[in-house]
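1. pasting the structure only:
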């Protein structure tokens, strides 16, 4: 687990100057360079993306390297399948290294459902090129034309002579580096034999035996346990701190550097004692509370930056369309701040050796972490290595690097490696939340129901999925960032969940107003054939029968669709609301299409799990806060879905081998909340416009 | 110091009423398969078997485990041979990030020991104290049912 001080991270060296062969032995290396961000903006080169590289060694194995990370979304197996597919190797002969900044190609980070379309595509291209080079090597060795060489199960065989050679033999003594040529041709999904088939997770055995080492499980001799002093409420500023009582404890190091106050101790209990022994004075400023949050966000707009950019989309003449419309509707929808609450809290281990820092960090953005840590500690990026061990989920919550910086500073001051693991309460209070959303929608329709105008304004959550998948002549869509009093950032399907909930709820309201069946009404307006196919499939499987008006019989059915990150989803929900108003979700049917399916076993798992996670935010998850304090920072006070909450969930995967593979970790969440809200409306005639729908379990 | 019997081996550990069984297992014996998830007994990630029954190690003072047989996730497999519940979790693909899996498997072993063929409702009720944030509940129910079949098919009770 120690790093050699002489190492320079591969991504900081030109492709042909990296010590591939010293590190991994002789062989063939094929490199697809990443496209780094262009400081002048995303110009002709297009958006930045990570690279990939593959080493085929004398042991016949393929070692593939990618900057993305696995935090439980199953991409390690899916990406390995793609390498196995291109190289015609058994899955067991592929070793994939992810998120190690010394060895992996640069990458922006693992978010936005980009692992399949980016890393997957790059591994396919690199694998295809590697296959071509192996074929050429084999042609020479076997005295055959390259077209007569066939690769299978790690062996190259000449069709005519029947002679064969193992990959390991082919690369014996070789130290050759090639770049992926522009004409590399991956195997088309329609011809896949390994990818696209059910497969077991490559890490299954270590998981079920308890042998998988997460960051919070790591231990280095001499390691200390760190704790960081956090403000008692959001926005509180440190006025003064006295470290002396903590420093007096045996073996304790206490530091105050800039905004960071932290302690390290030989064991965890001593670390907690040292934290308690710190004497700090804080200056708190009044903060808005939950009850006034909607008005607060409305009155505190801010300029956009980064991915919170303002978005403005306008077609036709909305004003004129509203003026003449026989039917119009205006409603507001909100979603609460919610927590990621990953099972493994944030964790880091930092260790110095001869001026070089190694940080094991559960993060979704290892290269960004390297930058943050090297900036903060005034180190060359060459002297920082970030390694991402298996991570107990992220859901968009593990992007920040503050904890890594804290551990590195503590380790430096103490002269020992330091591990910092968040307590569950720290995880709830010191991370960041899914942004609250306030969505105002105004719509107009003809008497026959045809939508004529759509005005959509989302506040604070972001623009994802704000665009309409429906045909409406006059549209105005805006996204307005706001000055959130709670710390907020990325979350699995964050804005798409809010915007889709608002749109699909509102569409149901308009359909009811004009007396149209919700499925027929959507199909009538849908502008996307793929999404229409998913909707039809789900409606049929669910046994949808047209209902122009809510039954209000205590039993209800609802449906919703979503189009986001090139994935298409339709979700059907059936609910029961008996006289005691206690909501029961009886059944969910969800259909999902994301192009060519790489790893169907895992995709199904992602859709099921995403549906469960979405049910939490739809039904009862909400962060409660008052004057800067989080009121429910524990699993006993912040309710997440449990076994008892989960109905049968039927998942229909629509495979499209003719289309590029897209991610499946986020989009399957976005139609769940509106499908349930629409079902509650059907069951009771009552329209709920705020998530969570049933905070105390009952329909109001 | 006193003896704690874990996975069939006696370990000498300091007895301190403040130390939870979880703390001793993870920090002193370095049996890290048992996880910290919440520290308040709400998530089940820290479950271990004490005399064959699943308990939440974060809520168990280590003193209470003295003189009893503790089995952690590391103690279930017999060498290369997985326990039927572990085997079933592999076959059912019943994990995503895997962080809750140890606690889930321990809870399932405990359940199957007292009810060899549990209904779905029994499984839900018995395992409701175990959280999976990845939302893998349906796979886990499937795995427990598979384990039930694997155990009965093998002709023996689940240990």
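-> Received it, and whenever you're ready, just let me know what you need. Since the structure is predicted, the reported quantities are computational estimates derived from the model, not experimental observations.
2. how close does the nearest residue to residue A:93 once chain neighbours are set aside get to chain B?
-> Closest residue to residue A:93 apart from its sequence neighbours, by CB to CB, 6 or more residues apart in numbering or on different chains: residue A:61 at 5.1 Å. To be clear about C-beta, it is placed using only N, CA and C from the backbone, and glycine gets the same treatment. For residue A:61, the distance to chain B (CB to the nearest CB, to the nearest Å) stands at 22 Å.
3. show the model's pLDDT score for residue A:61.
-> Note on residue A:61: pLDDT of 98.
4. thought it was touching residue A:90?
-> No: judged on CB atoms under 8 Å, residue A:61 makes no contact with residue A:90 at a distance of 10.1 Å.
5. okay, now residue 48: neighbour count?
-> Went with chain A since none was named. Residues near residue A:48, counting by other CB atoms under 10 Å in any protein chain shown, number 15.
6. ah, I was thinking of chain B
-> Residue B:48 - counted by other CB under 10 Å - has 29 other residues nearby.
7. can you pull up the bridge partners for it?
-> Following DSSP bridges, residue B:48 is listed with bridge partners residue B:55.
8. hmm, it is touching residue B:55, no?
-> Yes: with contact defined as CB under 8 Å, residue B:48 reaches residue B:55; the gap is 6.5 Å.
9. need the residues touching each of the two.
-> residue B:21 (CB atoms under 8 Å, 6 or more residues apart in numbering or on different chains).
10. comparing residue A:61 and residue A:90, which shows the higher neighbour count?
-> residue A:61 (21 against 11).
11. find the nearest non-adjacent residue to the most centrally placed residue in chain B, please.
-> Against the mean C-alpha coordinate of chain B, by CA atoms, centre = their mean, the closest residue is residue B:106 at 2.1 Å. The spatial neighbour of residue B:106 that comes closest, neighbours along the chain excluded (CB to CB, 6+ apart), is residue B:47 at 4.2 Å.
12. tell me which helix or strand of chain A sits lowest on mean pLDDT?
-> strand A:311-315 (a mean of 87; mean pLDDT, DSSP states H and E).
13. so how far is it off the chain centroid?
-> A distance of 27 Å separates the centroid of the chain from that of strand A:311-315, by CA atoms, centre = their mean, to the nearest Å.
14. what of stretch A:386-399?
-> 10 Å.
15. do that stretch and chain B meet?
-> Yes: residues of stretch A:386-399 contacting chain B under CB under 8 Å from any CB of the partner chain: A:390-393, A:395.
16. and residue A:611, what does it touch?
-> A:571, A:588, A:590, A:649, A:651, A:668-669, A:672, B:135.
17. which strands and helices sit next to the longest helix seen in chain B?
-> Counting residues, the longest helix found in chain B (DSSP state H) is helix B:137-153. Using 3 or more CB pairs under 8 Å, 6 or more residues apart in numbering or on different chains; DSSP states H and E, the elements in contact with helix B:137-153 are helix A:600-619, helix B:84-92, helix B:101-114, helix B:120-127.
18. of these, which is nearest residue B:6?
-> Across the helices and strands packed on helix B:137-153, the minimum distance to residue B:6, taken as CB to CB, is reached by helix B:101-114, at 13.3 Å.
19. now for the closest one, which elements pack on it?
-> helix A:204-208, strand B:47-50, strand B:53-56, helix B:84-92, helix B:120-127, helix B:137-153.
20. ok, the next helix or strand after the third one near chain A or not?
-> Read in the C-terminal direction, the helix or strand following strand B:53-56 is helix B:62-65, with elements assigned using DSSP states H and E. No: using CB under 8 Å from any CB, helix B:62-65 stays clear of chain A, coming no nearer than 12.6 Å.
21. buried residues of helix B:62-65, list them for me.
-> Buried residues in helix B:62-65, counted by 16 or more other CB atoms under 10 Å in any protein chain shown: B:62, B:65.
22. could you export the helices and strands packed on helix B:101-114 as CSV, including distance to residue A:354?
-> Formatted as CSV, the helices and strands packed on helix B:101-114 follow (distance: least, CB to CB, whole Å):
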stretch, distance to residue A:354
helix A:204-208, 31
strand B:47-50, 40
strand B:53-56, 43
helix B:84-92, 42
helix B:120-127, 49
helix B:137-153, 46
